[in-house]
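S.K.: what follows is a predicted structure for the sequence shown.
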Amino acid sequence: GLDLDAMEAHYTVMAKGLYAGDDAPHQPDPCGELNMIAVSNPCILDRTLAPKGHIILHAYAAGNEPYEPWSSSPSTTPNRTTYEALKQQRCTTLWHAIESIIPDARARTVLAETGSPATHERFLRR
């Protein structure tokens, strides 16, 4: 199983090299958007944040997620399907980063919340 004691509180994952096989053509530019992913595991610092045997991971593009793709599809748009599809497409790199740390992370996931720059703008009013 997953050894929580062997995990770090924070990881920095460079997107270059995360894609192989059929996904290789979709590899991000090492100097481009979504090239660096930060993954935080706050449960290393406070085990009471999640139930026993579970952890919380927070993954995000570290300042390199452009707003432009989201400006035409904000979360308040009537075309919710387009917005949700864009979120899932943009999350692929985040999942690859998480899986570089925990290979079976998706199978272990109990709850996944996906935010976007539009979500950030809406809830933080900026």
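M.R.: All right, it came through fine.
S.K.: buried residues of the helix or strand of the chain with the lowest mean pLDDT, list them for me.
M.R.: Using mean pLDDT, DSSP states H and E, the weakest-scoring helix or strand in the chain turns out to be helix 68-71, at a mean of 75. Neighbour counts over helix 68-71 (16 or more other CB atoms under 10 Å) mark residue 70 as buried. (C-beta placed from N, C-alpha, C; glycine too.)
S.K.: what helices or strands is the next helix-or-strand element following that helix leaning on?
M.R.: Note on helix 68-71: by DSSP states H and E, the next helix or strand toward the C-terminus is helix 80-101. Contact here means 3 or more CB pairs under 8 Å, 6 or more residues apart in numbering; DSSP states H and E; on that basis helix 80-101 packs against strand 10-14, strand 36-40, strand 58-61, helix 68-71, helix 105-108.
S.K.: can you tell me the strand partners of the first one and which way each runs?
M.R.: Its sheet considered, strand 10-14 pairs with strand 36-40 (antiparallel) by DSSP bridges.
S.K.: now the strand it pairs with and helix 80-101, what's the angle there?
M.R.: Following axes from the mean of the first three to the mean of the last three CA atoms, to 10 degrees, one obtains 80 degrees for the angle between strand 36-40 and helix 80-101.
S.K.: show me which residues of strand 36-40 are buried.
M.R.: 36-40.
S.K.: tell me who's in contact with the residue nearest to residue 38 when sequence neighbours are not counted.
M.R.: Counting by CB to CB, 6 or more residues apart in numbering, residue 38 lies nearest to residue 62, which is 4.4 Å off, once chain neighbours are set aside. For residue 62, the contact set (CB atoms under 8 Å, 6 or more residues apart in numbering) comprises 12, 36-38.
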